[in-house]
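Peer 1: Got a predicted structure plus its sequence, pasted below:
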Amino acid sequence: MSIHLFREVDQIKRKLLALSAVVEDQVRQSVKAFEQRDLDRAEEAIRLDASIDRAEVEIEEECLKILALHQPVAGDLRFIVAVLKINNDLERIGDLAVNIARKAVALATQPDLELPFSMVGMSEKAQSMLRDSLDSLVNLDPALASDVCRRDDEVDLMKRKIRRQVESLIQANPERIALFLKVLAVSRNLERIGDLATNVAEDVIYTAQGRIVRHGGDVSSADDATDNIDGE
């Protein structure tokens, strides 16, 4: 790897990690806003979205510039491709966090909504998946990334259970259907955050080992799977 390519790859790493920290904080704030009906937290989570969008565009432009100017191969190419995908997934997670925050804003102005179930478990599971997927990225840890992928089914199961419970509430209290649908939407957004955290983890595995594990697959890359991101 040339010194110029090394510096630019290192800069992209730093920018991606900075973006991931902001997105993780945004998700945390939006979930707390929903759980605590905290209008200030919700508005702060929504405000973060503009900076996330700008960072996503900047990182994409940097990646495309590296591809055009340096034509990286092997591990370096895998890394840039993975960054492009992870960058997009982080921006989408930010959009989902905004959706949750907006539901929190709507619920904060309504009479108390007592639910016979808690969404804390699902929100904690989705947030832990996001946190661990980002940690696996920081440390290039395919074992941790694989663990994140395995947890996705747990979040899906929680979402289906909440959906059944919300449907029962709607049948018993049709006059509050609008509020219950907002709760259901939050559960869908949490489930999607889990899906996107899984995407990030899958890209970490691809970067570290050259294995494509989407859709249950396990396809080794043409180059040596032990290549690191420096292509050595």
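Peer 2: Looks like it came in fine.

Peer 1: Could I get the full set of helices for this protein?
Peer 2: 3-36, 39-70, 74-108, 120-139, 142-172, 177-209 (DSSP state H).

Peer 1: could you dump those to CSV with mean neighbour count, distance to residue 114 and mean pLDDT?
Peer 2: Every residue, glycine included, has its C-beta placed from N, CA and C. Formatted as CSV, the helices of the chain follow (neighbours: other C-beta atoms under 10 Å; distance: least, C-beta to C-beta, whole Å; pLDDT from 0 to 100):
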stretch, mean neighbour count, distance to residue 114, mean pLDDT
helix 3-36, 18, 13, 90
helix 39-70, 16, 19, 93
helix 74-108, 22, 12, 91
helix 120-139, 20, 14, 90
helix 142-172, 17, 10, 93
helix 177-209, 22, 11, 92
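
Peer 1: Contact partners for residue 119?
Peer 2: Contact analysis of residue 119 by C-beta atoms under 8 Å, 6 or more residues apart in numbering lists 34, 35, 162, 183, 186, 187, 190.

Peer 1: Swap in 7 Å and give it another go.
Peer 2: Residues in contact with residue 119 (C-beta atoms under 7 Å, 6 or more residues apart in numbering) are 162, 186, 187.

Peer 1: want to throw those residues into a markdown table with distance to residue 10?
Peer 2: Formatted as a markdown table, the contacts of residue 119 follow (distance: C-beta to C-beta, whole Å):
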| residue | distance to residue 10 |
| --- | --- |
| 162 | 42 |
| 186 | 38 |
| 187 | 39 |
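
Peer 1: nearest to residue 20, of those residues?
Peer 2: Nearest to residue 20 out of these is residue 186 (C-beta to C-beta; 22.1 Å).

Peer 1: Isn't that closest one up against residue 35?
Peer 2: No. With contact defined as C-beta atoms under 7 Å, residue 186 does not reach residue 35; the gap is 9.7 Å.

Peer 1: Quick check: the closest residue to residue 58 other than its chain neighbours vs residue 192, distance?
Peer 2: Nearest residue to residue 58 in three dimensions, chain neighbours excluded: residue 15, at 6.9 Å (C-beta to C-beta, 6 or more residues apart in numbering). To residue 192, residue 15 is 24 Å away according to C-beta to C-beta, to the nearest Å.

Peer 1: Run the chain-centre distance for stretch 22-35.
Peer 2: Distance, stretch centre to chain centre, for stretch 22-35: 12 Å (C-alpha atoms, centre = their mean, to the nearest Å).

Peer 1: same thing with stretch 70-79?
Peer 2: Relative to its chain's centre, stretch 70-79 lies at 24 Å (C-alpha atoms, centre = their mean).

Peer 1: now stretch 162-172
Peer 2: Relative to the centre of its chain, stretch 162-172 is centred 27 Å away, using C-alpha atoms, centre = their mean.

Peer 1: List the contacts of residue 208.
Peer 2: Going by C-beta under 7 Å, 6+ apart, residue 208 touches 140, 142.

Peer 1: Report the separation between the residue nearest to residue 103 when sequence neighbours are not counted and residue 150.
Peer 2: Excluding the flanking residues, the one nearest residue 103 by C-beta to C-beta, 6+ apart is residue 182, at 4.6 Å. For residue 182, the distance to residue 150 equals 30 Å [C-beta to C-beta].

Peer 1: One more: residue 127?
Peer 2: With C-beta to C-beta as the criterion, residue 127 and residue 150 are 17 Å apart.

Peer 1: ok, now residue 179?
Peer 2: In terms of C-beta to C-beta, residue 179 sits 34 Å off from residue 150.
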